[in-house]
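A.B. asks: heads up, no residue letters with this:
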Ligand code: ATP
Ligand code: MG
């Protein structure tokens, strides 16, 4: 070993910028969100599926669209060392789901309601509510022409907000971006509108004026908002079919008693959408206000080589939802019921058996590990958040009993309970 190698202490490595650890203190809120979402999605008949995190790059280029932020600058793309194939860490879930549906003929016999959740990757500037690895809940209805399923997904989200206690933190925006022919006409209208303002556009928008003028409406640049505000509206140019679909969506939402705003600027950041688009937004998270967004993508199956299959879906940003839950002061409790402390080898053996017996009875129990004085064990019992410390020392081992100390409730005195009677005692207490 060289002297230099001997003297250097290894530097601690850090996670990649914009990619976060979800630590045990935060995890209960995440798990609460996942469990609640899963329950709500299942209530509507959506079934879980999971796809790979890495997909062939052309899948995203063809679906999301060449002239979008995601494809132009946000994808983590690399070359497979062996095959030389271009691969990409998924920036969103819909393309992968549609790829899987086509590959496995999922919609061959009947339409499918599916959902998934997991990590997505986009090379964005990290800030509150915007990260490079983030997580989405993703729900897709494949093979349904709507607008009933479009409304179903919006109503399902309203139910999710309610189940999470977020119903007064979010509002609903809807719009229609028409059918492809409507959009082609609208692109012309937009190009004609924006061209005289060319010098006021930012670089991205200048480029998109020729490639994809609709994208200009999605710009978050505050200096362009007034020009965008005055642009002609897609909604006024809808063809008869898209108009009827939009009216239908509104009727379903009205009959469900949902309040919504028609936002004629809402176009969404991905190219595959047509007809219905929607977003649930909050004003509590600064600039990162969209907590869920989605819409219809009737042409996507075909453009990925599948049969024509109308479909609709949405994704919700889990980091933003967890931030909202925290803003609301919500806490998910993951503390155990009891923490077992024990002194002496005989007590340790007894505590081990007792812990297993309590777990058999369905209780969450942490067994102290690592030795230490009674005082230091009691400190750890307290820090665990447990409701009780269960103490096994010499006297208890001799008497076949356990001393129960209340760690949270004041005014309760410690007491000694026979080991055989502990489960019954806990049952009486935990009611
Ligand atoms: P935004 O307008 O905030 O960039 P987007 O239109 O790019 O969002 P979608 O691609 O529709 O978003 O993704 C759906 C949801 O996923 C968003 O509404 C948001 O809640 C979440 N999301 C998107 N990008 C990020 C990110 N980089 N970090 C955290 N959450 C994100
Ligand atoms: Mg984005």
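C.D. replies: Yep, that arrived. Predicted model only: the values in this text are computed from it and were never measured. Ligands and ions are numbered 1, 2, ... in the order given.
A.B. asks: only C-alpha atoms for contact and neighbour calcs from this point on.
C.D. replies: Noted.
A.B. asks: what residues does the stretch 1-150 of the chain put near ligand 1?
C.D. replies: 122, 124, 129-132, 134, 136 (CA under 6 Å from any ligand atom).
A.B. asks: Which ones among the residues you listed lie within strands?
C.D. replies: 134, 136 (DSSP state E).
A.B. asks: Just the buried ones out of the residues of the stretch 1-150 of the chain next to ligand 1, please.
C.D. replies: Among those, the ones that count as buried by 16 or more other CA atoms under 10 Å are 122, 124, 129-132, 134, 136.
A.B. asks: returning to what we had before: could you dump the residues of the stretch 1-150 of the chain next to ligand 1 to CSV with pLDDT?
C.D. replies: Putting those into CSV (pLDDT from 0 to 100) gives the following:
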residue, pLDDT
122, 97
124, 95
129, 94
130, 96
131, 97
132, 98
134, 98
136, 98
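A.B. asks: picking up where we left off before, quick check, nearest of the buried ones among the residues of the stretch 1-150 of the chain next to ligand 1 to residue 199?
C.D. replies: residue 124 (25.9 Å; CA to CA).
A.B. asks: Next up, the contacts around the closest one.
C.D. replies: 74, 130-132 (CA atoms under 8 Å, 6 or more residues apart in numbering).
A.B. asks: Could you give the number of residues near residue 165?
C.D. replies: Residues near residue 165, counting by other CA atoms under 10 Å, number 14.
A.B. asks: okay, it: pLDDT?
C.D. replies: We have a pLDDT of 95 for residue 165.
A.B. asks: export the residues of the stretch 1-150 of the chain next to ligand 1 to JSON lines and tack on distance to residue 81?
C.D. replies: Output for those, formatted as JSON lines (distance: CA to CA, whole Å):
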{"residue": "122", "distance to residue 81": "22"}
{"residue": "124", "distance to residue 81": "25"}
{"residue": "129", "distance to residue 81": "33"}
{"residue": "130", "distance to residue 81": "30"}
{"residue": "131", "distance to residue 81": "27"}
{"residue": "132", "distance to residue 81": "23"}
{"residue": "134", "distance to residue 81": "26"}
{"residue": "136", "distance to residue 81": "29"}
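A.B. asks: Among the residues of the stretch 1-150 of the chain next to ligand 1, which one lies nearest to residue 38?
C.D. replies: Distance to residue 38, by CA to CA, is smallest for residue 136 among those, at 12.6 Å.
A.B. asks: wait, residue 364 sits on residue 340?
C.D. replies: No. Applying CA atoms under 8 Å, one finds residue 364 not in contact with residue 340, separated by 11.0 Å.
A.B. asks: Which residue of the two possesses the greater neighbour count?
C.D. replies: The residue with more neighbours, out of residue 364 and residue 340 and counting by other CA under 10 Å, is residue 340; that gives 26 against 18.
A.B. asks: ok, back up a step: tell me which two of the contacts of residue 124 sit farthest apart.
C.D. replies: 74 and 130, at 12.2 Å, using CA to CA across the contacts of residue 124.
A.B. asks: Bridging across strands, which residues link to the residue of the stretch 1-150 of the chain found nearest ligand 1?
C.D. replies: Ranking the residues of the stretch 1-150 of the chain by distance to ligand 1 (CA to the nearest ligand atom) places residue 130 first, at 3.4 Å. Taking DSSP bridges, one obtains residue 127 as the residues bridged to residue 130.
A.B. asks: Helix, strand, or coil at the residue nearest to residue 414 when sequence neighbours are not counted?
C.D. replies: Distances taken as CA to CA, 6 or more residues apart in numbering place residue 405 nearest to residue 414, at 4.6 Å, with adjacent residues excluded. Using DSSP: H, G, I helix; E, B strand; the rest coil, the structure places residue 405 in strand.
A.B. asks: Next: the one 5 residues further on.
C.D. replies: For residue 410, the secondary-structure state derived from three-state DSSP is coil.
A.B. asks: Let me know the pLDDT of it.
C.D. replies: At residue 410, pLDDT is 85.
A.B. asks: next one: the one 4 residues further on
C.D. replies: Per-residue confidence (pLDDT) for residue 414: 91.
A.B. asks: all helices for the stretch 301-431 of the chain, in order.
C.D. replies: Counting by DSSP state H, counting those that start in this stretch, the stretch 301-431 of the chain has helices at residues 318-327, 345-360, 374-383, 394-399, 422-430.
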